[in-house]
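Q: Fold the following, please.
(one chain, ligands or ions: 2)
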Amino acid sequence: MGIVDSHCHFHLLANHEAPDAAVAAAREGGVSYFLNVAVDVESRDELLAFSDRHPSVFTCLGVHPSGTGTDPSEDELVRLAADERFVAVGETGLDYITDSGDLTWQRERFRRHIRAARRLDKPIIVHSRGAPEDTVRILQEEGAETVGGVIHCFVEDLATAEACLAMGFYLSLSGILTFRKAASLRETAAAVPLDRLLIETDAPYLAPVPHRGHENHPAWVTHVAECLAEVKGIDYQEVTDATSRNFFNLFTGATP
Ligand SMILES: [Zn+2]
Ligand SMILES: [Zn+2]
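A: Ligands and ions are numbered 1, 2, ... in the order given. Take a look at the predicted model:
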């Protein structure tokens, strides 16, 4: 089936001419599928055109919790994300590190995305930084378990992981797993069942060891897979098979 980068941003790569080349390079490196994640609704047409051009690149639609562009209403989100080529709603969520002060607006934006996802019956891609309690509480209050989804770039503790798993969510591990200081995340990852894990780059952010300090590329999701194999004490192939299977189980709108 091939390796899947479950979360990346081809259109945020520094070289704006490069997304097509980045797909080709990653596929040569053994990465077969990608989820090109929206951070705003302004790029809607660009994301769809890119996926039309690259059948291996799936896409989704939403407004990043810290996004400063258009902030669509729930009805507007439903209308914009209804296209069947959008396999999920997101990324959405809470980011209490990037933004501060009264973040009621962020929580309202997150709730609108969950409600839209439920109306569309599509899974949710959740970004959560510095806000584990509120993320879990809002997902629970809004009944997010009826559609499920993934907590992308998961970095929280085992209790938070278990609360998300209990709602049927998957957890996606990024290059942070490979960082020297991430010992507690590796412990958490070891405890989460393999059939609930995804892997991602979040490119152009969060380049894994040994590429730290550079712009990240989807090709480097292989380093996350290698690290996860070590953490779990299993074969690399077992990790890539399971995480790819999990991806297609979650995003039923994506077909390999
Ligand atoms: Zn994110
Ligand atoms: Zn992202």
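Q: Touching stretch 173-192 from outside, list them.
A: Under the contact criterion Cβ atoms under 8 Å, 6 or more residues apart in numbering, stretch 173-192 has outside partners 7, 152-158, 161, 165, 171, 197-202, 206-209, 212, 216, 220, 223-224, 227-228, 231-232. Any C-beta I mention is one placed from the backbone N, CA and C, and that applies to glycine too.
Q: mean confidence score for the lengthiest helix in the chain?
A: Taking DSSP state H as the criterion, the chain has its longest helix at helix 104-120. Mean pLDDT, helix 104-120: 98.
Q: Also stretch 94-101?
A: Here the average pLDDT along stretch 94-101 is 97.
Q: What's the end-to-end length of it?
A: Taking Cα to Cα, to the nearest Å, the first and last residues of stretch 94-101 lie 13 Å apart.
Q: for it, which positions count as buried?
A: For stretch 94-101, a neighbour-count test (16 or more other Cβ atoms under 10 Å) marks Leu94, Asp95, Tyr96, Asp99 as buried.
Q: chain center to that stretch: distance?
A: Offset of stretch 94-101 from its chain centre (Cα atoms, centre = their mean, to the nearest Å): 18 Å.
Q: so where do the strands sit in the stretch 1-150 of the chain?
A: Read by DSSP state E, counting those that start in this stretch, the stretch 1-150 of the chain holds these strands, from start to end of the chain: 3-8, 31-36, 57-61, 86-95, 124-129, 149-152.
Q: what's the weakest-modelled helix or strand in this structure?
A: For the chain, the helix or strand with the lowest mean confidence is helix 19-28, at a mean of 92 (criterion: mean pLDDT, DSSP states H and E).
Q: Kindly format the C-alpha coordinates of it as CSV.
A: Output for helix 19-28, consisting of C-alpha atoms alone and laid out as CSV, is shown next (Å, rounded to 0.1, in the frame of the first residue of the first chain):
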residue,chain,number,x,y,z
PRO,A,19,4.8,21.5,-4.5
ASP,A,20,4.7,19.3,-7.7
ALA,A,21,8.4,18.5,-7.3
ALA,A,22,7.9,17.7,-3.6
VAL,A,23,5.3,15.1,-4.5
ALA,A,24,7.6,13.5,-7.0
ALA,A,25,10.6,13.5,-4.6
ALA,A,26,8.6,12.0,-1.8
ARG,A,27,7.1,9.3,-4.0
GLU,A,28,10.7,8.5,-5.2
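Q: For that helix, give me every contacting residue.
A: Looking at helix 19-28 with Cβ under 8 Å, 6+ apart, the contacting residues turn out to be 5, 10-11, 13, 34, 50, 53-54, 56-57, 203, 217-219, 221.
Q: now do 10 Å
A: Counting by Cβ atoms under 10 Å, 6 or more residues apart in numbering, helix 19-28 makes contact with 2-3, 5, 8-13, 15, 18, 31-34, 36, 46, 50, 53-54, 56-57, 201, 203-204, 217-222, all of which sit outside it.
Q: Ala203 reaches Leu12, doesn't it?
A: Yes: if you go by Cβ atoms under 10 Å, Ala203 and Leu12 touch, sitting 7.9 Å apart.
Q: Number of residues surrounding Leu198?
A: Leu198 has 26 neighbours, counted by other Cβ atoms under 10 Å.
Q: tell me the SS of it?
A: Look at Leu198: counting by DSSP: H, G, I helix; E, B strand; the rest coil, its state is strand.
Q: Against Thr188, how distant is the closest residue in space to Glu145 that isn't next to it in sequence?
A: Of all residues not flanking Glu145 in the chain, Met167 sits nearest, at 4.0 Å (Cβ to Cβ, 6 or more residues apart in numbering). Look at Met167 and Thr188: by Cβ to Cβ, to the nearest Å, they are 17 Å apart.
Q: So for the two, which residue has more residues nearby?
A: Between Met167 and Thr188, counted using other Cβ under 10 Å, the more crowded position is Thr188 (23 against 16).
Q: How confident is the prediction for that one, by pLDDT?
A: The predicted local confidence for Thr188 is 98.
Q: in which helix or strand would I find it?
A: helix 183-191 (DSSP states H and E).
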